[in-house]
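**Q** From the sequence below, what's the structure:
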Amino acid sequence: LKLGATVFYLKREEEGFLCKVAYPNELFEYDNMPNILSSVAGNIFGMKEIKNLRLEDIHFPIEIINSYKGPKFGIDGIRRLLKVYDRPLLGTIVKPKIGLNSYDHAQVCYDAWVGGCDVVKDDENLSSQKFNDFKTRLRETLKMKEKAERKTGEKKIYMINITAETNEMIKRAELAKKAGNEYVMVDVLTVGFSALQTLRNANEKLNLVIHAHRAMHAALTKNLKHGISMKVLVKIYRLIGVDQLHIGTGVGKMFETLEEVKENVKACTEEMHGIKKVFPVCSGGLHPGHIPFLMKNIGNEIIQMGGGIHGHPLGTVEGAKAARQAIDATIKNIPLEKYAEHHIQL
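**A** Down below sits the predicted model:
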């Protein structure tokens, strides 16, 4: 049995070499993502002979792909849940990201929903602090979610952050399910690959949509000479089984170029031996004026705006209305400036 890796491509480029390596399947425990990454992205990064090394892409064989569950819902399942098929989903993040009590937090969510947001999410560093504990926030925000659904006649989504130590994270997912919520959010890098696999396994029974926040990714992805590209992480998280994933914006405050973002979208949605597609999420420094660019260049993804909605001069409700109006105008191929003449929020 030959277990050695094979370098099958080596080409000198402007600032180094592009190298492609094939590994025998037998080297890996197929359904053990930490094992796979310890092999292909492990100690090699720490060798003193290597100044810089970046894992640009990864291709999994079908035997490994078939060992993972993939997304529970994926794009099609999420659109069926919301009954929204022909436009981007509009989301916001509660701002300020921390500091609000549970009741004020729930009110911000309500204002965003009645203004036109489909989705409201916790920010990545809100967990269960004393000023806004998990159970109270879940209870009060779901009350407002139901109220907003009655008022608007639209399905609304609350992505509550369950990020925590693995056992506690599973407990919080169970609490969300018991309370009647359909979604959870998790900071996928900071909880780790093992914890995420554990959550996905538990989700076979919980049947929740998993929204993946990528906090800390830039420690791996931002240096173009050293680290791991975002599209590699996208493929890994898609295999493990998140349903939605932040992929950059190509505009706004995030560092990725439009081309990099398109590569991330491709990794979310390309054919992968029957694995469901992950819903790409654009989030980071966005406002209604960015919507035509996003819809033209990226498509009908999930568009999230924090300050771009809450920072509206007339408040969160009007800011959410402005964002929905920007989507409507873009679908109708009407310039935002012209549409705004008869839509004062925009």
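**Q** Pretty sure L189 sits against M216.
**A** Yes - the pair L189 / M216 is scored as a contact, 4.4 Å apart, by C-beta atoms under 8 Å. (C-beta placed from N, C-alpha, C; glycine too.)
**Q** Neighbour count: the two, which is higher?
**A** Neighbours were counted for L189 and for M216 using other C-beta atoms under 10 Å; L189 has more, 21 against 13.
**Q** Where do the domain boundaries of the chain fall?
**A** 6-65, 74-342 (automatic domain parsing).
**Q** Average pLDDT for the longest one, rounded please.
**A** For domain 74-342, mean pLDDT is 97.
**Q** One more: the first one?
**A** Across domain 6-65, pLDDT averages out at 95.
**Q** how far is that domain from where the chain is centred?
**A** 25 Å (C-alpha atoms, centre = their mean, to the nearest Å).
**Q** re earlier: identify, out of the domains of the chain, the most deeply packed stretch.
**A** Of all the domains of the chain, domain 74-342 carries the top mean neighbour count, a mean of 19, counting by mean count of other C-beta atoms under 10 Å.
**Q** surely F45 meets L53?
**A** Yes - in terms of C-beta under 8 Å, F45 counts as a neighbour of L53; the distance is 5.6 Å.
**Q** Quick check: neighbours shared by these two?
**A** Overlap of the contact sets of F45 and L53 (by C-beta atoms under 8 Å, 6 or more residues apart in numbering) consists of H226.
**Q** Skipping its backbone neighbours, what lies nearest the spatially most central residue of the chain in space?
**A** Centroid-nearest residue in the chain, with C-alpha atoms, centre = their mean: L245, separated by 2.0 Å. Closest residue in space to L245, ignoring its immediate chain neighbours: A212 at 4.4 Å, by C-beta to C-beta, 6 or more residues apart in numbering.
**Q** Likewise for K156?
**A** Of all residues not flanking K156 in the chain, W113 sits nearest, at 4.7 Å (C-beta to C-beta, 6+ apart).
**Q** Can you name every helix or strand that the helix or strand hosting that neighbour contacts?
**A** Here W113, judged by DSSP states H and E, is contained in helix 102-115. Where contact means 3 or more C-beta pairs under 8 Å, 6 or more residues apart in numbering; DSSP states H and E, helix 102-115 is packed against strand 119-121, helix 134-152, helix 307-310, helix 316-331.
**Q** got the CA positions of whichever strand or helix holds the residue nearest to L245 in CSV?
**A** Following DSSP H and E, one finds A212 within strand 209-213. Extracted in CSV, the C-alpha atoms of strand 209-213 (Å, rounded to 0.1, in the frame of the first residue of the first chain):
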residue,chain,number,x,y,z
VAL,A,209,-31.1,26.2,9.9
ILE,A,210,-27.4,26.8,10.7
HIS,A,211,-26.1,30.3,10.0
ALA,A,212,-22.3,30.4,10.0
HIS,A,213,-20.5,33.6,11.0
